[in-house]
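Asker: Sharing a model prediction with you, sequence too.
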Amino acid sequence: GAGVSQSPSNKVTEKGKDVELRCDPISGHTALYWYRQSLGQGLEFLIYFQGNSAPDKSGLPSDRFSAERTGGSVSTLTIQRTQQEDSAVYLCASSSGTGWGGDTQYFGPGTRLTVL
Amino acid sequence: QKEVEQNSGPLSVPEGAIASLNCTYSDRGSQSFFWYRQYSGKSPELIMFIYSNGDKEDGRFTAQLNKASQYVSLLIRDSQPSDSATYLCAVRRYQLIWGAGTKLIIKP
């Protein structure tokens, strides 16, 4: 079946503009995760959804960042008033959400965001 | 102390040798342990995961857990240049905690 998809693959924006990043998880996966990865760095957790609810928003770096998920499927990550330090690859992952130990996250190809 | 730690590397291994990657974790109650591989410019992909009750071998890859010392290892036998990548360790008790990754270089 289809994997996790993300769009756009690349986004170049000007400082101060808003951007929306989209994630389409694997069909049937109830859990969805957003991460950020700066060049040469590890994964930075942003937010986790179980269904349409976000029990863990602890990683959102500021109130300029928000995310929603509708219909238990597609999620959008919105960054308002973008700053140059927001430039990174934004990765989405999904998992079955069973909560058991082997619940595996599968990643999308990422969106590379460049803020000029 | 970070919850999951990995040596950032790079770890350089000659082709055909065994590459050994380690990951230490702080939560003694951790129950599952994941290894992902990330090629440059690509997203992470799962290699394998193990539970706290045992090791696992899959082809050239073996994941081993040392609970007493709280580290998990990934061994890659007969290393190939195509194994050159960053290897991410992740550990779960309640939520998945990620290490920063070890860069592995296999030299022909």
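Answerer: The structure has been received and is ready for your questions.
Asker: and the closest residue to A:His29 other than its chain neighbours, what are its bridge partners?
Answerer: Spatial nearest neighbour of A:His29, excluding adjacent residues (Cβ to Cβ, 6 or more residues apart in numbering or on different chains): A:Ser94 at 3.8 Å. For the C-beta atoms, the positions are set from N, CA and C on the backbone; glycine is no exception. Beta bridges link A:Ser94 to A:Leu32, A:Tyr106, judged by DSSP bridges.
Asker: A:Ser94 is in contact with A:Pro25, isn't it?
Answerer: Yes - at 3.3 Å, A:Ser94 counts as touching A:Pro25 under the criterion of Cβ atoms under 8 Å.
Asker: Give me the common contacts of the two.
Answerer: Common contacts of A:Ser94 and A:Pro25 (Cβ atoms under 8 Å, 6 or more residues apart in numbering or on different chains): A:Val4, A:Leu32.
Asker: what's the spacing between the residue nearest to A:His29 and B:Pro81?
Answerer: Using Cβ to Cβ, to the nearest Å, we find A:Ser94 at a distance of 31 Å from B:Pro81.
Asker: Contacts (any at all) between chain A and the helix or strand of chain B with the lowest mean pLDDT?
Answerer: In chain B, the helix or strand scored least confidently by mean pLDDT, DSSP states H and E is strand B:96-98, which has a mean of 92. Yes - residues of strand B:96-98 contacting chain A under Cβ under 8 Å from any Cβ of the partner chain: B:Leu96, B:Trp98.
Asker: For chain B, give me the ranges with low pLDDT.
Answerer: Counting by pLDDT under 70, the ranges of chain B that qualify are B:1.
Asker: Close to chain A: what parts of it are there?
Answerer: Chain B has residues B:31-32, B:34, B:42-46, B:49, B:51, B:88, B:92, B:95-96, B:98-101 near chain A, with proximity defined as Cβ under 8 Å from any Cβ.
Asker: 10 Å instead, please
Answerer: B:2, B:4, B:6, B:8, B:30-34, B:36, B:38, B:40-46, B:48-52, B:86, B:88, B:90, B:92-101, B:103 (Cβ under 10 Å from any Cβ of the partner chain).
Asker: Contact partners for A:Val62?
Answerer: To be clear, residue A:62 is Ser; Val isn't right here. By Cβ atoms under 10 Å, 6 or more residues apart in numbering or on different chains, A:Ser62 lies in contact with A:Ile79, A:Gln80, A:Arg81, A:Gln83, A:Asp86.
Asker: Which one (most neighbours) among the residues you listed?
Answerer: Of all the contacts of A:Ser62, A:Ile79 has the most neighbours under the rule other Cβ atoms under 10 Å in any protein chain shown, reaching 23 neighbours.
Asker: Could you report the separation of that one from chain B?
Answerer: A:Ile79 is 19 Å from chain B, where distance means Cβ to the nearest Cβ, to the nearest Å.
Asker: so what's that residue up against?
Answerer: Contact partners of A:Ile79, counting by Cβ under 10 Å, 6+ apart, are A:11, A:13, A:17-21, A:61-62, A:64-67, A:86, A:90, A:113, A:115.
Asker: Mind listing the residues bridging to it?
Answerer: A:Val19, A:Phe65.
Asker: picking that back up, next secondary structure element downstream of the least confident helix or strand of chain B?
Answerer: Using DSSP states H and E, the helix or strand that follows strand B:96-98 in sequence is strand B:102-107.
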